[in-house]
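Student: fold the stuff below for me.
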Amino acid sequence: MFHNCEGVIFDFNGTLFFDSDKHVLAWGRVAEEIRGYGIGEEELQQHFYGVPNNRAIEYLLQRECEEEELNKYSELKEAYYRDFCRADKERFHLVAGANELFDRLLERKIPFTIASASIKRNIDFFVESFDLKKWFDPDKIVYDDGSYENKQKMFLHAAEVIGVPLDKCLIYEDSESGIRDAYAAGCRNMIVIDSMNVAEKYRGREGVLDVVKDFMQEK
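Tutor: Numbering: from 1, shown residues only. This is a model prediction of the structure:
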């Protein structure tokens, strides 16, 4: 279990919580407000999944933005996103097996945390909604506070927070950009959660140990 790694870092959206459709809906609404039309699948893969909000907003606007404008659109997008989450009561839960996996990590005294491209208001929303304080120290969750250039920096910071070198960590990810950034940051131990049914895209890729549908088989 855990592939002899000394620490574990979880992405959140699309990994611990299957919510990609909610982000698509929210970004689509923001895109319509900014440029008058929605977002295509290729755009989503390249410019939105696993990408900090500031980069996605500047992509939509096609220019660099001041912090006030970035914050405005980021908060707007996430407010839409949280509304879509609350409305889908049937699927508003952690991925199957996640709770049990957290319990095993605690039992084995393996340090773990979350590195997410979500903003703090969403992290607070998840902590409260999913009772994450049972397993996670909220102060050790790495999130998009506007200071990270990309997910590479987030992963490196998350490893520092739990006191384990990144090359000795196992990372659970789901997005193309997240996997790419984890590898670029020095991680060679990744498990892909196939939340978007594209498993064959990742099987056999260097650094990817396995591709799974949920956490039920992570015994």
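Student: need the contact list for the residue of the chain most remote from its centre.
Tutor: With C-alpha atoms, centre = their mean as the measure, the chain has its most outlying C-alpha, relative to the mean C-alpha position, at Gly36: 27.4 Å. Shown here is Gly36, which makes no contacts under the criterion C-beta atoms under 8 Å, 6 or more residues apart in numbering. For every residue, glycine as well, the C-beta is placed using N, CA and C.
Student: on contacts alone, who are the packing partners of the longest helix seen in the chain?
Tutor: Counting by DSSP state H, the longest helix found in the chain is helix 67-87. Secondary-structure packing of helix 67-87 (3 or more C-beta pairs under 8 Å, 6 or more residues apart in numbering; DSSP states H and E): helix 20-35, helix 53-61, helix 120-129.
Student: C-alpha coordinates for it, CSV please?
Tutor: What follows is helix 67-87 as a C-alpha-only set of coordinates in CSV (Å, rounded to 0.1, in the frame of the first residue of the first chain):
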residue,chain,number,x,y,z
GLU,A,67,-5.5,41.7,-8.7
GLU,A,68,-8.9,43.4,-8.2
GLU,A,69,-10.2,42.2,-11.5
LEU,A,70,-8.8,38.7,-11.0
ASN,A,71,-10.4,38.5,-7.6
LYS,A,72,-13.7,39.7,-9.0
TYR,A,73,-14.0,37.0,-11.6
SER,A,74,-12.5,34.3,-9.4
GLU,A,75,-15.1,34.9,-6.7
LEU,A,76,-17.8,35.0,-9.3
LYS,A,77,-16.8,31.7,-10.8
GLU,A,78,-16.5,30.0,-7.4
ALA,A,79,-19.9,31.3,-6.2
TYR,A,80,-21.5,29.8,-9.3
TYR,A,81,-19.5,26.5,-8.7
ARG,A,82,-20.7,26.2,-5.0
ASP,A,83,-24.3,26.8,-6.1
PHE,A,84,-24.0,24.0,-8.6
CYS,A,85,-22.5,21.7,-6.0
ARG,A,86,-25.3,22.4,-3.4
ALA,A,87,-28.0,21.8,-6.1
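Student: and the helix or strand of the chain with the lowest mean pLDDT, what does it pack against?
Tutor: The least trusted helix or strand in the chain, going by mean pLDDT, DSSP states H and E, turns out to be helix 41-47, with a mean of 85. Contact partners of helix 41-47 among helices and strands, from 3+ C-beta pairs under 8 Å, 6+ apart: helix 53-61, helix 176-185.
Student: okay if I get those as JSON lines plus mean pLDDT?
Tutor: Putting these into JSON lines (pLDDT from 0 to 100) gives the following:
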{"stretch": "helix 53-61", "mean pLDDT": "92"}
{"stretch": "helix 176-185", "mean pLDDT": "92"}
